[in-house]
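Q: What follows is a protein structure lacking sequence information:
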């Protein structure tokens, strides 16, 4: 049995997220259909994690088991030849049969892009919010640092999240600016549904209202999603990298 590990990039604009859904177009669904067509067998494609509707990926990782032994470069070219232009498999490697793209992941990182001015070229891939320029990088980093470490992030995930364990460990949050964008990088062992976008929205809210990092800590303590600020739009969020 061969275990193929895929690194995937996608533009999530026209998709209902990563996970297969019966009546919606998804990333997992598109790739699975192509694999079935090429390999002529049913495969189960397992992703490192779900991304929501409209969220993009620079480094999503997935794997599947197959009886077929294919030359990996030819397989990658065949897959990309059949996938739509907004999905691409950038790498395929063979892994041990026990490798699992979700359970073996040690760290995941996301980036969020906020554009400083309105541009048609950034529209689908960033949140246009020019007041972010009113706040220094030092201020944004100081506020964010309050939630570094292990916490219960119930207040920062969607209320309908089915996962009971909502404890995550954030290892790094870092903001920076260039001429066109403010960018946040966040790294953790795991993320909950809607967690990153709610954190970004809450940091911006705290900065705007001069509440400091104590605001984020108070939201954590309440363990209630209604206490956190509004989540920022999905289109600015990218799954950046998964580490094993």
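A: Happy to help now that I have it. From a predicted model like this one, the values you see are computed outputs, not experimental measurements.

Q: pLDDT (mean, whole number) over stretch 149-157?
A: This predicted structure assigns stretch 149-157 an average pLDDT of 96.

Q: next one: stretch 18-29
A: 95.

Q: residues of that stretch that come out buried?
A: Using 16 or more other Cβ atoms under 10 Å as the test for burial, stretch 18-29 gives 18, 20, 26-29. Any C-beta I mention is one placed from the backbone N, CA and C, and that applies to glycine too.

Q: Make JSON lines from the residues you listed and add distance to residue 108 and secondary structure to it.
A: Putting the buried residues of stretch 18-29 into JSON lines (distance: Cβ to Cβ, whole Å; DSSP: H, G, I helix; E, B strand; the rest coil) gives the following:
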{"residue": "18", "distance to residue 108": "13", "secondary structure": "coil"}
{"residue": "20", "distance to residue 108": "20", "secondary structure": "coil"}
{"residue": "26", "distance to residue 108": "19", "secondary structure": "coil"}
{"residue": "27", "distance to residue 108": "16", "secondary structure": "helix"}
{"residue": "28", "distance to residue 108": "17", "secondary structure": "helix"}
{"residue": "29", "distance to residue 108": "22", "secondary structure": "helix"}
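
Q: Among the residues you listed, which one sits closest to residue 148?
A: The shortest approach to residue 148 among the buried residues of stretch 18-29 belongs to residue 18, at 26.8 Å (Cβ to Cβ).

Q: Roughly how far does that closest one sit from residue 230?
A: Noted for residue 18: a distance of 23 Å to residue 230, by Cβ to Cβ, to the nearest Å.

Q: again with residue 56
A: Distance, residue 56 to residue 230, by Cβ to Cβ: 20 Å.

Q: what about those two, which has more around it?
A: Remark: of residue 56 and residue 230, residue 56 carries more neighbours, 26 against 11, as counted by other Cβ atoms under 10 Å.

Q: need the contact list for the more buried one.
A: The contact partners of residue 56, taken as Cβ atoms under 8 Å, 6 or more residues apart in numbering, are 10-13, 125, 235, 237-239.

Q: Narrow the residues you listed to those in strands?
A: 10, 237-239 (DSSP state E).

Q: These: which two are farthest apart?
A: The widest separation within those, taken as Cβ to Cβ, falls between 10 and 237 and amounts to 12.4 Å.

Q: Can you give me the domain boundaries for the chain?
A: Using automatic domain parsing, the domain parsing of the chain gives 2-95, 107-243.

Q: where's the nearest residue to residue 229 once chain neighbours are set aside, which helix or strand?
A: On the basis of Cβ to Cβ, 6 or more residues apart in numbering, the spatially nearest residue to residue 229 that is not a chain neighbour turns out to be residue 205, at 3.6 Å. Residue 205 belongs to helix 195-208 when assigned by DSSP states H and E.

Q: Work out the gap between that helix and the centre of the chain.
A: For helix 195-208, the separation from the chain centroid amounts to 16 Å (computed by Cα atoms, centre = their mean, to the nearest Å).

Q: the inter-axis angle of the very next helix or strand once past that helix versus helix 195-208?
A: Using DSSP H and E, the helix or strand that follows helix 195-208 towards the C-terminus is helix 213-222. Using axes from the mean of the first three to the mean of the last three Cα atoms, to 10 degrees, the direction of helix 213-222 lies 140 degrees away from that of helix 195-208.

Q: Please, where are all the helices along the protein?
A: Under the criterion DSSP state H, the chain contains helices at 27-39, 72-82, 137-144, 195-208, 213-222.

Q: residues making contact with the last one?
A: Which is helix 213-222. Taking Cβ under 8 Å, 6+ apart as the criterion, the residues outside helix 213-222 that touch it are 142-147, 151-153, 155-156, 202-203, 205-206, 209, 227-228.
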